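Enquirer: here is a sequence together with a model predicted from it:
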Amino acid sequence: MMKTPLNSWPKSYQEAVALQEVLRRRVELTPLFRLPRYVAGADAICDRQDRQIFGAVAVYSFPELELIEEAGVSGVCPFPYRTGLLSFREVPILAAAFTRLKQKPDVLLVDGQGIAHPRGLGLASHLGLVLNIPTIGVAKSRLVGKGEEPDWEAGAVSPLIWQGKVVGLILRTVSGKKPLYLSVGHRLTLPESRQIVLTCVRRYRIPLPLRQADLLSRRLRASTPS
């Protein structure tokens, strides 16, 4: 696990971008050795005053999708919201929640971008480097790139292209629902990302581990006095 003390965490836009330029070179787009046995979702949310942040991780067996464990923590929001710099708000709290797990997952689904990012280092990639774990960026909207709308049936996909390269997939997880935007975070491939995410989808378009993490982070926020 890559440890970065919060007292040395970037404090400005310029410092954060400079760190992204360094870390992007460490991202690995390499195949998994085997299918995961445990898959987790990670999500974070801030309070309305943008002072506190709540992070949650939910671990499921794979492919059975039985809830194994979940962990949530709260803390002071360490960085203001800036487009393209989401990881500097959310990585510390998500890493803290991850360390509380007894059953560490083999793959982590992250509510954000992977390499489909202006500097190739979205939240999923940054968190994957910090935790040294395979990660998949699963976003509800695109940050960069263009691609055709996939067909309407579940599993339909089209490439997300940016600067002449395929940086992700536009994936329809549930027939007739809005697609998601997948991109590799760290230490796996795009075809593996698609397979894992589709296997984690049940009734809703958001993969079950991510949906559970989102619900937990919102419960934490609701239970904390404003």
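Expert: Received, thanks.

Enquirer: so what's the gap between stretch 64-78 and the chain middle?
Expert: With CA atoms, centre = their mean, to the nearest Å as the basis, stretch 64-78 stands 13 Å off its chain's centre.

Enquirer: the residue nearest the centre of the chain pairs with what?
Expert: By CA atoms, centre = their mean, the chain has its centre lying nearest to Val110, at 1.6 Å. Assessed by DSSP bridges, Val110 has beta-bridge partners Ala42, Gly137.

Enquirer: that one and Pro134 touch, don't they?
Expert: No - using CB atoms under 8 Å, Val110 is not in contact with Pro134; the gap is 10.7 Å. Quick note: C-beta positions are derived from backbone N, CA and C, even for glycine.

Enquirer: anything in contact with each of those two?
Expert: Gly128, Gly185 (CB atoms under 8 Å, 6 or more residues apart in numbering).

Enquirer: before we move on, back to that, could you report the pLDDT at the residue nearest to the centre of the chain?
Expert: pLDDT recorded at Val110 is 98.

Enquirer: distance of it relative to Arg221?
Expert: 19 Å (CB to CB, to the nearest Å).

Enquirer: same deal with Asp50?
Expert: 12 Å.

Enquirer: compare neighbour counts for those two and give me the winner.
Expert: Taking neighbours as other CB atoms under 10 Å, Asp50 and Arg221 compare with Arg221 leading, 20 against 11.

Enquirer: and that one, which of the three is it?
Expert: For Arg221, the assignment made with DSSP: H, G, I helix; E, B strand; the rest coil gives helix.

Enquirer: residues in contact with it?
Expert: Ile45, Asp47, Gln52, Phe54.

Enquirer: farthest pair within those?
Expert: Ile45 and Gln52 (9.6 Å; CB to CB).

Enquirer: quick one, phi/psi of the closest residue to Ile136 other than its chain neighbours?
Expert: Leaving aside its chain neighbours, Ile136 sits nearest to Ser193 (4.5 Å; criterion: CB to CB, 6 or more residues apart in numbering). Ser193 adopts backbone torsions of phi -60, psi -50, taken as degrees, to the nearest 10.
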